[in-house]
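Undergrad: Could you look at this predicted model? Sequence included:
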Amino acid sequence: MTNEIKLLQSSSSVKSRPVALICGGFIFFTGFLFLVLLIFPAKISLLIIALGAGLIGVPVLRATHAEYTVTNLRVVTRAGVFVHVQKEIPIADLRDAAVLRTGLQEILGVGDVVLHGSAGDFVIEGVDEPEKLRDKILSLK
């Protein structure tokens, strides 16, 4: 029987959702300006502020409630705020791995690692330096 050794544990990066963060920040501060300058009634300005805060909050919650663990035997992800989902792929079932990212994610140094296994694909979202993670996982095969 082989002992399982934890090699790496980390969480998703908030930087993986840059558009939501930028748009949310813009909407939040626009609503704040509307409130301060009395351009719209206070209720509308507060609604705009809440919308911006929500756009910022969703990627932050997703990133802070998602983690991945790489061991010598498997890769495990755990995610969820209210409902927790755990997925895993044994290293023995791993066929290949790839990195997916948008242009903005590339500038920020984040991306998704897609693991191709015998039972299907497995995605680790929002990883800082995804090439290093992919290479680390492929080195275990």
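TA: Arrived safely.
Undergrad: Would you map out the domains in this structure?
TA: 6-12+68-138, 16-61 (automatic domain parsing).
Undergrad: Any chance of CSV for these, columns mean neighbour count and mean pLDDT?
TA: (C-beta placed from N, C-alpha, C; glycine too.) What follows is the domains of the chain, written out as CSV (neighbours: other C-beta atoms under 10 Å; pLDDT from 0 to 100):
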stretch, mean neighbour count, mean pLDDT
domain 6-12+68-138, 16, 90
domain 16-61, 16, 89
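Undergrad: and stretch 89-107, how far out from the chain's middle?
TA: A distance of 13 Å separates the centroid of the chain from that of stretch 89-107, by C-alpha atoms, centre = their mean, to the nearest Å.
Undergrad: For Leu33, list the residues it contacts.
TA: Listed by C-beta atoms under 8 Å, 6 or more residues apart in numbering, the contact set of Leu33 reads Ile39.
Undergrad: how would you label it: helix, strand or coil?
TA: Here Leu33 is helix, with the state taken from DSSP: H, G, I helix; E, B strand; the rest coil.
Undergrad: so what's the backbone phi/psi at Pro81?
TA: Actually, residue 81 is Val rather than Pro. With angles defined as degrees, to the nearest 10, Val81 sits at phi -90, psi -50.
Undergrad: try the one 3 residues further on
TA: Dihedral angles of His84 (phi, psi; degrees, to the nearest 10) stand at phi -100, psi 130.
Undergrad: which ones are touching it?
TA: Contacts of His84 (C-beta under 8 Å, 6+ apart): Arg78.
Undergrad: ok, it to Gly31 distance?
TA: 33 Å (C-beta to C-beta, to the nearest Å).
Undergrad: you'd agree Ser10 is in a strand?
TA: Yes. Looking at Ser10 with three-state DSSP, it is inside a strand.
Undergrad: what about His116, which helix or strand?
TA: According to DSSP states H and E, His116 maps onto strand 110-117.
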